[in-house]
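# here is my input; please provide its structure:
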Amino acid sequence: MNTELIHVGFGNILAMNKVVAIVSPGSAPIKRLVEQAGGQGMLIDMTNGKRTKTIIIMDSGHIALMAIGSKTIAARVEANRNGAFLGQTKRYRE
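Now for the predicted structure:
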């Protein structure tokens, strides 16, 4: 199995084949999940101090906080699968 790496901002890279879910941070159950993960040392903060827009749940139980939106992540995955370079979106392709 190939590892699909996606740039998620601020020089951070995420292995998409390890992702279980991509969720928004607004609901109370997700906030509790993030709080529990922080207490267990399973929280990965990739926001660099910015506001959390997306939360990614990994198959290892780790919770990753992202400063970019889920639509941006989806666009980067699609661009990567269509042969674009890391971090590029469709509008930059020839």
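
# please make it C-alpha for all contacts and neighbour counts, starting now.
Will do.

# can you check the pLDDT for Ala64?
You'll see Ala64 listed with a pLDDT of 98.

# element containing it, please.
For Ala64, the element it lies in under DSSP states H and E is strand 63-66.

# show me what that strand is packed up against.
Counting contacts by 3 or more C-alpha pairs under 8 Å, 6 or more residues apart in numbering; DSSP states H and E, strand 63-66 is packed against strand 43-46, strand 54-58.

# send me the last one as CSV with only the CA atoms.
Same thing as strand 54-58. Provided in CSV are the C-alpha atoms of strand 54-58 (Å, rounded to 0.1, in the frame of the first residue of the first chain):
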residue,chain,number,x,y,z
THR,A,54,-11.0,20.9,10.9
ILE,A,55,-10.3,17.9,13.2
ILE,A,56,-8.9,14.7,11.8
ILE,A,57,-9.3,11.4,13.5
MET,A,58,-6.5,8.9,12.7
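
# partners of that strand, with directions?
strand 19-23 (antiparallel), strand 63-66 (antiparallel) (DSSP bridges).
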